[in-house]
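K.L.:
Below are the sequence and a predicted model for it; my questions follow.
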Amino acid sequence: MKGEFSEKLSLRLSLINIGVILTYPPIFIYLTDASPISGVVYLSLQVITAMKLFSYTLVMKEIRELIEKVKKLKNSVTPTNVNLIEFLGQSDVSQRNLELIRSNIDKPMALCDLKHLLYFMAAPTLCYQLSYPRKNTICKVFLLKRSAEFLLGVSLIWILMVQHYFPLMSTTLWYYRTGSFLNMIERLIKLSFPMLYIWLTGFLCLFNSWLNITGELLRFADRHFYGEW
């Protein structure tokens, strides 16, 4: 159709956009000499954004190809009694998405909803779909529990860093500068224990607390964040 990008050009532009998102942050952090914590947070957000956009690109590409196949099937020279529901059911698309595709075969641009894309960018998932399971209401008690867990976990991480990580790290760097490598190795071994607790607490804060907080605020019903892990 006139005024629309070709399939290959759209895919290339999307990949260039994702490449810029992944390339710019490390350069920016290196040039501005950002702190390690802010740098890790910034890089993590950019990687998540790139993964979400990559999922959106692939899913929409698959949907466009599926719509084109359906149109060719309906406009075939020798029409047959084809069951579109059975035909669409052979694709790797969820049932709810199939219903949306089937109802918008003649107006595919209706599937490109900016509001839904923004919801996907904020939702605790990396897999784009045309529809997500939603809750009817926000459970305030559940939200308060997860918020308390998150604040408690962040406080515990800060205590571990102040009481153990920073002192051990400073002495480790001092032994490194003075060439006392045996003492440095001994300090690194001691450093591994608080780091283990920090990583485990951070994992719990992120996957069990923060994602549940985000999902509850957005009424996102799928909460299997790390079930396969």
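P.N.:
Perfect, thanks for sending it. Numbering: from 1, shown residues only.
K.L.:
Identify the residue nearest residue 47 in space, chain neighbours excluded?
P.N.:
The spatially closest residue to residue 47, leaving aside those adjacent along the chain, is residue 22, at 7.0 Å (CB to CB, 6 or more residues apart in numbering). Where C-beta positions appear, they are placed from N, C-alpha and C, glycine not excepted.
K.L.:
Please verify my assumption that the one you found contacts residue 45.
P.N.:
No - judged on CB atoms under 8 Å, residue 22 makes no contact with residue 45 at a distance of 11.7 Å.
K.L.:
So those two - more neighbours on which side?
P.N.:
Taking other CB atoms under 10 Å, residue 22 and residue 45 do not tie; residue 22 has more neighbours (16 against 12).
K.L.:
which SSE is that one in?
P.N.:
Assigned by DSSP states H and E, residue 22 falls within helix 7-32.
K.L.:
Then residue 45?
P.N.:
Residue 45 belongs to helix 36-74 when elements are defined using DSSP H and E.
K.L.:
Quick check: mean pLDDT of that helix?
P.N.:
Averaged across helix 36-74, pLDDT comes to 83.
K.L.:
Give the buried residues for that helix.
P.N.:
Residues 39, 43, 46, 50, 52-57, 59-60, 63, 66-67, 70 are the ones in helix 36-74 that count as buried (16 or more other CB atoms under 10 Å).
K.L.:
Stretch 39-58: how far from the chain's middle?
P.N.:
Centroid displacement of stretch 39-58 relative to its chain, using CA atoms, centre = their mean, to the nearest Å, is 6 Å.
K.L.:
Could you shift the numbering so residue one becomes 56, and keep it that way?
P.N.:
I'll keep to 56 as the first residue from here, and by that count the last item is stretch 94-113.
K.L.:
quick one: contacts of it?
P.N.:
Contacts with stretch 94-113, where a contact means CB atoms under 8 Å, 6 or more residues apart in numbering, come from 66, 69-70, 72-73, 76-77, 79-81, 83-84, 89, 172, 175-176, 181-183.
K.L.:
let's see 7 Å
P.N.:
66, 69, 72-73, 76-77, 80, 84, 172, 175-176, 181-183 (CB atoms under 7 Å, 6 or more residues apart in numbering).
K.L.:
Of the residues you listed, just say which sits nearest to residue 223.
P.N.:
Closest approach between these and residue 223, by CB to CB: residue 84, at 24.8 Å.
K.L.:
what's the distance between that closest one and residue 95?
P.N.:
Relative to residue 95, residue 84 is positioned 9 Å away (CB to CB, to the nearest Å).
K.L.:
how much does the helix holding residue 100 deviate in direction from helix 62-87?
P.N.:
Between the axis of helix 91-129 and that of helix 62-87 there is an angle of 180 degrees, by axes from the mean of the first three to the mean of the last three CA atoms, to 10 degrees.
K.L.:
Sketch out the low-pLDDT regions of this protein for me.
P.N.:
56-61, 128-154, 157-161, 163, 165, 280-284 (pLDDT under 70).
K.L.:
redo that, cut-off 80
P.N.:
Within the chain, the ranges that satisfy pLDDT under 80 run 56-63, 65-66, 89-92, 119-168, 234-236, 239, 278-284.
K.L.:
quick one on the thing from earlier: roughly how far apart are the residue nearest to residue 102 and residue 86?
P.N.:
Distance from residue 77 to residue 86, by CB to CB: 16 Å.
K.L.:
Now do the buried residues in the helix holding residue 77.
P.N.:
When burial is assessed from 16+ other CB under 10 Å, helix 62-87 yields the following buried residues: 69, 73, 76, 77, 80, 84.
K.L.:
No more questions from me, cheers.
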